[in-house]
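Asks: Sequence plus predicted model, see below.
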Amino acid sequence: MKNLKLLLLISVVFCVSKSVLAQGFTPPAESNAVVYFVRVSSYGGSTSFEYFNNERFIGIFKGKNYMRYECPAGKQLLWASSENKEFLQCDLKAGETYIVLVNIKMGAWKAQVGLEPLTVDHEVFERAKKLVLEKKPIVTSKAKIKSTEEKLAARGFVENIMNRYESEWQHSDHTKVIKADMFIPKEDLK
């Protein structure tokens, strides 16, 4: 009987701690939108990708994780960098939540990144949702963001990428679109 009580107590503590540690979907401020970059696969888990909003570095993470990014609603250019570059031309609606699936592809020297907007009818939507509900997001520290921006600025990296985006990638397969109506309805985030 003592062992049964102990097992029950451990089960309750585990369930409570898991829900306390879970982030879940947090709505954005009224005039903002939020984008969740979610990587549901453990494939290439040691490979990290860098994420940007226009010219700003916004974070980095690797493995089966996710990053929450809140930004002003409206037109945004979100992109990720690895051996390749992938872009999302966004028109984000205020107060809404969007999910982007981060895919990993085989590259020549390093893994390549793929960005794919998710909707509730996408085959991996439930896996992405489960990940967000069960884990805390990866948060890149302000110090890491600042030091990375300084390194990239010294190399002219972002300026070079923005020029290439304007001249060759803007209308290519490297760029996908998130329309304002592609947000995830609030009832589907629970």
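Replies: Yes, it's here. Numbering: from 1, shown residues only.
Asks: Going along the chain, name the helices of the chain.
Replies: Applying DSSP state H to the chain gives helices spanning 2-21, 125-134, 142-155, 157-164.
Asks: Now the weakest link among the ones you listed, please, by mean pLDDT.
Replies: Here the helices of the chain differ in mean pLDDT, and the lowest is helix 2-21 at a mean of 43.
Asks: residues of stretch 130-148 that come out buried?
Replies: For stretch 130-148, a neighbour-count test (16 or more other CB atoms under 10 Å) marks 131-132, 135, 137-138, 140, 148 as buried. Where you see a C-beta, it was placed from the backbone N, CA and C, and this is true even at glycine.
Asks: tell me how far it is from the chain's mean position?
Replies: With CA atoms, centre = their mean, to the nearest Å as the basis, stretch 130-148 stands 9 Å off its chain's centre.
Asks: And for stretch 42-54?
Replies: Put simply, stretch 42-54 sits 9 Å off its chain's centre (CA atoms, centre = their mean).
Asks: Identify the residue nearest the geometric centre of the chain.
Replies: For the chain, residue 37 is the residue whose C-alpha lies nearest the centre (CA atoms, centre = their mean; 1.3 Å).
Asks: quick revisit: pick the one among the buried residues of stretch 130-148 closest to residue 47.
Replies: Residue 47 has its nearest neighbour among the buried residues of stretch 130-148 in residue 138, at 13.8 Å by CB to CB.
Asks: where does the closest one fall, phi/psi-wise?
Replies: Backbone torsions for residue 138, taken as degrees, to the nearest 10, come to phi -80, psi 130.
Asks: That one: what's it in contact with?
Replies: Contact analysis of residue 138 by CB atoms under 8 Å, 6 or more residues apart in numbering lists 59, 61, 65-67.
Asks: Can you verify my assumption that residue 91 contacts residue 117?
Replies: No: using CB atoms under 8 Å as the test, residue 91 is too far from residue 117 to be in contact (11.5 Å).
Asks: what do the two both touch?
Replies: Counting by CB under 8 Å, 6+ apart, the contacts common to residue 91 and residue 117 are residue 178.
Asks: For residue 88, name its beta-bridge partners.
Replies: Residue 88 forms beta bridges with residue 78, residue 176, as assigned by DSSP bridges.
Asks: That one: neighbouring residues, count only.
Replies: 21 (other CB atoms under 10 Å).
Asks: what's the spacing between it and residue 154?
Replies: Distance from residue 88 to residue 154, counting by CB to CB, to the nearest Å: 26 Å.
Asks: And for residue 58?
Replies: For residue 58, the distance to residue 154 equals 19 Å [CB to CB].
Asks: Show me which of those two is the more surrounded one.
Replies: Between residue 58 and residue 154, counted using other CB under 10 Å, the more crowded position is residue 58 (21 against 8).
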